[in-house]
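# Sequence and computational prediction follow.
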Amino acid sequence: MSTPFEKPQIIAHVQRSLNYTVFDSKWIPCSAKFVCLGNYARGTGVMQIYEVEHGEVKLIKEIEKAKPIKCGTFGASTLQQRHIATGDFDGNLNIWNLEVPDVSVYSVKAHKEIVNSIDGVGGLGIGDGAPEIVTGSRDGTVKVWDPRQKDSPVANMEPGEGEAKRDCWTVAFGHAFNDQDRCVCAGYDNGDIKLFDLRNMSLRWETNIKNGVCHVEFDRKDINMNKLVATSLEGKFHVFDMRTQHPTKGFDSVSEKAHKSTIWQVRHLPQNRDIFMTAGGAGNLHLWKYEYPAQRSKKDSDEVDMGVAGTVNLLQNVTLSTQPIASLDWSPDKQGLCVCSAFDQSVRVLIVTKLNRV
């Protein structure tokens, strides 16, 4: 007899009000702590470290910075150091040792304008090859940095001559399955999605989803490309099957009108790449599962391979706030534990149950 399907539940475990606007929140790997990044009303930046203890969140450290902090990643750090890289409103890329966070261990003027998005790879035991950080900015450029090298980026993707400068809202690493291969995906305010091959320093693929691209994420960074989710300004997300690239049609995709308003973020569950959460502008979270088709590729009329996208199923949804949920991060260590922050100046620790039964 088959067991009945049990829906996961999204439980708000603990909520904490903040006295500043929080833009990003990240779990510190191998710990019960998380970092909140944002800006005070007086125009300075703030970094707070919290610990989850006995059903409460306890403030451990609070550090004020000269400029508001927009985004952060641990992706290029070792598990021993757990340094966080941040992008700020002034275009600076900084790396901080959270044990002594007063002075950055690495700093570079990365962009002429705000760093909207940041991602890391090659650290935390995820992805082969050098530790690298990618930044995307309002100045229209996407840059890749090796924190072992000072001052200049190892790659700089900018609009070509005669091309309009677009605001880059989101960047993500993928395809880091050996020590040579690596890709960066970038999403822009006009709906453009571009996939850059860092090995060949070339534009591998581009498309347009007709709407500002708020967030892109590969289901995993350290494998041969499998799936990519892109979220948009008008509540739609697209899941691209990245295994088969057709020479003219590119990657096949499935799209879903998921939220009534902007989908600010998408985050894949670290322990199961086919489950992901979308965070919406109306203060809601939607939990999804991707189902693969019976066959992931087929021949077109010219006998050329093309991909076949699957379907997405809504597992659960919850409304937490009247304001947009701007960031979400799963714990890399404890399945179902996540932290999210909203523009109601609050941070919430959530527990999602029954994920192993989906």
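Here it is on my side, so go on. Residues are numbered from 1 along each chain as shown.

# Is Leu59 bridged to anything, and to what?
Tyr50 (DSSP bridges).

# Sorry, slip of the keys, the one I care about is Leu350.
Applying DSSP bridges, one finds that Leu350 bridges with Ala12, Cys338.

# is it true that Pro131 touches Val144?
No - taking contacts as CB atoms under 8 Å, Pro131 lies outside contact range of Val144: 11.1 Å. Every residue, glycine included, has its C-beta placed from N, CA and C.

# Pull the contacting residues for Pro247.
Contacts were defined as CB atoms under 8 Å, 6 or more residues apart in numbering; by that measure Pro247 touches Val304.

# Return the distance of it relative to Ser77.
As defined by CB to CB, to the nearest Å, Pro247 lies at a distance of 38 Å from Ser77.

# Ok, Gly174 next?
Distance from Gly174 to Ser77, by CB to CB: 19 Å.

# ok, the closest residue to Asp274 other than its chain neighbours - contacts?
Excluding its sequence neighbours, the residue lying closest to Asp274 (CB to CB, 6 or more residues apart in numbering) is Tyr290, at 4.7 Å. The contact partners of Tyr290, by CB under 8 Å, 6+ apart, come to 219, 227, 239, 274-276, 310-312.

# For the stretch 251-358 of the chain, which segments count as strands?
Using DSSP state E, counting those that start in this stretch, the strands of the stretch 251-358 of the chain run over 253-257, 263-269, 272-280, 284-291, 297-299, 305-307, 311-319, 325-330, 337-342, 346-352.

# Now render the ones you listed as TSV, adding distance to Asp192 and mean pLDDT.
As requested, those are exported to TSV (distance: least, CB to CB, whole Å; pLDDT from 0 to 100):
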stretch	distance to Asp192	mean pLDDT
strand 253-257	15	94
strand 263-269	17	97
strand 272-280	20	96
strand 284-291	24	96
strand 297-299	26	92
strand 305-307	20	93
strand 311-319	23	96
strand 325-330	22	96
strand 337-342	27	97
strand 346-352	32	97
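
# Let's have those strands in TSV, adding distance to Leu203.
Converted to TSV, the strands of the stretch 251-358 of the chain look like this (distance: least, CB to CB, whole Å):
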stretch	distance to Leu203
strand 253-257	18
strand 263-269	23
strand 272-280	25
strand 284-291	26
strand 297-299	23
strand 305-307	19
strand 311-319	28
strand 325-330	29
strand 337-342	33
strand 346-352	37
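
# Out of those, which is closest to Arg166?
Nearest to Arg166 among these is strand 263-269 (18.8 Å), distances taken as CB to CB.
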